[in-house]
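S.K.: need a 3D model of the following:
(one chain, ligands or ions: 1)
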Amino acid sequence: MKLDAKIPSGPLAEKWERHKFDMKLVNPANKRKFDVIVVGSGLAGASASATLAELGYNVKCFCYQDSARRAHSIAAQGGINAAKNYQNDGDSVHRLFYDTIKGGDFRSREANVHRLAEVSANIIDQCVAQGVPFAREYGGHLANRSFGGAQVSRTFYARGQTGQQLLLGAYSALSRQIGLGKVQMYERTEMLDVVVSDGRAAGIVVRDMVTGKISSHSGHAVVLATGGYGNVFFLSTNAKGCNVTATFRAYKKGAAFANPCYTQIHPTCIPVSGEYQSKLTLMSESLRNDGRVWVPKNAEDCGKKPSEIPDEARDYYLERKYPSFGNLAPRDISSRSAKEACDDGRGVGPGGLGVYLDFRDSIERLGEQAVRDRYGNLFDMYERITGDNAYQTPMRIYPAVHYTMGGLWVDYHLQTTIPGLFCLGEANFSDHGANRLGASALMQGLADGYFVAPYTIGNYFASEKPAELSTDAPEFREVEEEVNDRTKKLLSIQGKRTVTSFHRELGQLVWDKCGMARNEKGLKEALKKIPELRAEFWENVNVTGTNGELNQNLEYAGRTADFLEFAEVLCHDALTREESCGGHFREEYQFTKDDPEVKSGFTGEGEAKRRDDKFAHVSAWEFKGVDKKPRLHKEKLAYEEVKMSTRSYK
Ligand SMILES: Cc1cc2nc3c(=O)[nH]c(=O)nc-3n(C[C@H](O)[C@H](O)[C@H](O)COP(=O)(O)OP(=O)(O)OC[C@H]3O[C@@H](n4cnc5c(N)ncnc54)[C@H](O)[C@@H]3O)c2cc1C
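M.R.: You can find the predicted model right below:
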């Protein structure tokens, strides 16, 4: 396996413009001769499908939900970034690029990130043209708010429903193409494998989730836009259906998996309330614009009501530690600070696993109505879940798994190591390095789908010889057989443990050993236990029902089986990366009081310590067999425009 990022030459700011010209075009009359399979109808998949069809390609789009517009992207609350500089507060393409590189702790590719910042402004125009109801100022201009890791306001939003509104925009564009017959939509259809012929992606094998029928679809290119794998941790803010199956099976067919250990733990989620909980709820980062995060200074005050704790006894720890970014410090840093406060015995609520997000001062300053106008639906949601009125008492929050920066390795063209197999949105290893800044996932998914893949896929068709394989070919038969055998095997075990119990145990293990903080000992323990749990799964899982019907237990079993293999790759990656960066915090690598950076006051004790001399690379893993250690490949990260430096938000 060879990693060639195919980064175009030339000055950073001109690479994409020049490359668009250099890439080959498909003659308009020939576009209808090419079939593209898109798996996923979230922001990345829907935007790619609609745009490719609009260009004239024949598209088949697949999703496992009952409607394309129920993709997980609808969950996105807070907003989408774009370098429009409407606020005239100093934003620019270069600043968005710089913030994203720095926010990702210098572990992303400069060229990709610059392109992302460049196309960010087009995304907003495209979405406004589609009718996405972004919030507006009184005078009619689009409104902006601030998100973590930035000192400018560049986040466009539609109340607390930005993802849903953006998806409705993309879905309308998709529906137009479905109506025109250029997109064939397959809902409730789960992709269970990729078919590769002569080293090129040639199609997919899917299961009809209502009838259980297995079938094949061929295409000249296959696009995976299947979202993130945060649910490997069992509890996360992701929808219950989110899984790693599509990307993991592509990995097993030869696509490298990059940086799986880069997981984002979001600082503002509703804390876990009990053992039987199956899902966690995000409270949007936008709340940190007006909410102040604190814990009591003294552990003895933790049992008191927040209103009984006077200001001088409160520790507004983000404002104290990071005065220039305050409550808008990036997610990785804010999450670790919350953990630190709770580890210090100053957490609030049951089990001491919570910190306050307090709107008292904003309400005093702006009035309750202004706060209600900005975040009303989030406050309502909080009250429905916790029973507390956050206008009267602070919210209680705690970090939770939220987003995965890792994913299939892709080059500048968003092509994986399998020619003809492209990967977009959260499913690829993306432009966010080791930590994604808030409101940048929607930007990246739509950049990939509306503005990048339509060019690069066309270039693939025009400059290479894509696979052309009938679904009657033996390659398809073989994969169908593998898929059928796996299904039969799952149903035949008839063991004693539920799928959920395996998933929960795996999730707890990965959270404990490879969660917010990791160390060598814990990771080695996890690497020992995961194969044991997997072996037990294949002997003792109880999958109820049959194949020829709607069987959610069977779907879940297949996804959990993949998590049980994937978790091992994740832990190998975390073990091998002997440094701390962004969301990957190895306890062995943190700043101590003896480091010059701490002595000079540039950074603080306990902050993540990168090791650029050894780890300024993307780790891409190659499948070598179940129960075998995957092989590590490295893509060196070269920084030409930005100087790698220790991150400081002080
Ligand atoms: C609660 C929450 C709030 C968020 N808020 C924000 C925010 O404010 N701003 C921001 O920038 N980001 C936010 N994010 C992150 C962002 O929403 C996601 O990263 C992004 O929407 C992912 O889009 P996607 O198109 O890549 O994947 P998804 O929207 O997850 O779509 C995946 C698609 O793939 C399909 N699929 C998956 N596997 C298969 C398979 N095997 N077969 C067939 N189909 C399959 C699914 O059916 C679905 O259509 C938030 C995330 C969460 C969880």
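
S.K.: quick one: residues contacting the residue of the stretch 451-600 of the chain found nearest the ligand.
M.R.: Per CB to the nearest ligand atom, Arg559 is where the stretch 451-600 of the chain lies closest to the ligand, at 8.2 Å. C-beta coordinates here come from the backbone N, C-alpha and C atoms, glycine included. By CB atoms under 8 Å, 6 or more residues apart in numbering, the contact set of Arg559 is 243-245.

S.K.: for it, give me the pLDDT.
M.R.: According to the prediction, Arg559 has pLDDT 98.

S.K.: which strand or helix spans it?
M.R.: Element membership of Arg559, judged by DSSP states H and E, is helix 552-576.

S.K.: distance between that helix and the chain's centre?
M.R.: Counting by CA atoms, centre = their mean, to the nearest Å, helix 552-576 is centred 16 Å from the centre of its parent chain.

S.K.: buried stuff in it?
M.R.: Neighbour counts over helix 552-576 (16 or more other CB atoms under 10 Å) mark 553-575 as buried.

S.K.: still on that earlier bit, so which of the contacts of Arg559 comes closest to the ligand?
M.R.: Nearest to the ligand among the contacts of Arg559, with distances taken as CB to the nearest ligand atom, is Thr245, at 4.6 Å.

S.K.: if we can go back for a sec, now the contacts of Arg559 as CSV including pLDDT, secondary structure and distance to Gly351?
M.R.: Putting the contacts of Arg559 into CSV (pLDDT from 0 to 100; DSSP: H, G, I helix; E, B strand; the rest coil; distance: CB to CB, whole Å) gives the following:
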residue, pLDDT, secondary structure, distance to Gly351
Asn243, 98, coil, 29
Val244, 98, coil, 29
Thr245, 98, helix, 33
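
S.K.: near the ligand, list only the ones from these.
M.R.: Filtering those for neighbours of the ligand using CB under 6 Å from any ligand atom leaves Thr245.

S.K.: ok, the contacts of Arg559 vs Gln444, which is closest?
M.R.: Of all these, Val244 has the smallest distance to Gln444: 18.5 Å, by CB to CB.

S.K.: contacts only, for the closest one.
M.R.: Val244 touches 229, 231-232, 559, 562-563, 566, counting by CB under 8 Å, 6+ apart.

S.K.: recalculate using a threshold of 6 Å.
M.R.: 229, 562, 566 (CB atoms under 6 Å, 6 or more residues apart in numbering).

S.K.: after the helix holding Arg559 comes which helix or strand?
M.R.: Next helix or strand after helix 552-576 toward the C-terminus (DSSP H and E): helix 596-599.

S.K.: buried residues, that following helix. List them.
M.R.: Neighbour counts over helix 596-599 (16+ other CB under 10 Å) mark Val598 as buried.

S.K.: tell me if stretch 410-428 is near the ligand.
M.R.: Yes. Applying CB under 6 Å from any ligand atom, one finds stretch 410-428 in contact with the ligand at 425-427.

S.K.: span of that stretch from start to end?
M.R.: 7 Å (CA to CA, to the nearest Å).

S.K.: ok, stretch 637-650 next?
M.R.: 26 Å.

S.K.: identify the residues contacting it?
M.R.: 12, 101, 105-106, 110, 322, 325, 329, 597, 602-603, 612, 616-617.

S.K.: also stretch 28-45?
M.R.: By CB under 6 Å, 6+ apart, the residues outside stretch 28-45 that reach it are 48-49, 52, 55-63, 68, 71-73, 166-167, 170, 191, 204, 217, 219-227, 246, 424-425, 445-446, 448-449, 461.

S.K.: need the residues of the stretch 1-150 of the chain near the ligand, please.
M.R.: Neighbours of the ligand within the stretch 1-150 of the chain, by CB under 6 Å from any ligand atom: 39-45, 62-65, 71-73, 75-80.

S.K.: just the stretch 201-350 of the chain next, same as before
M.R.: Counting by CB under 6 Å from any ligand atom, the stretch 201-350 of the chain sits next to the ligand at 225-228, 237-238, 242, 245-246, 282.
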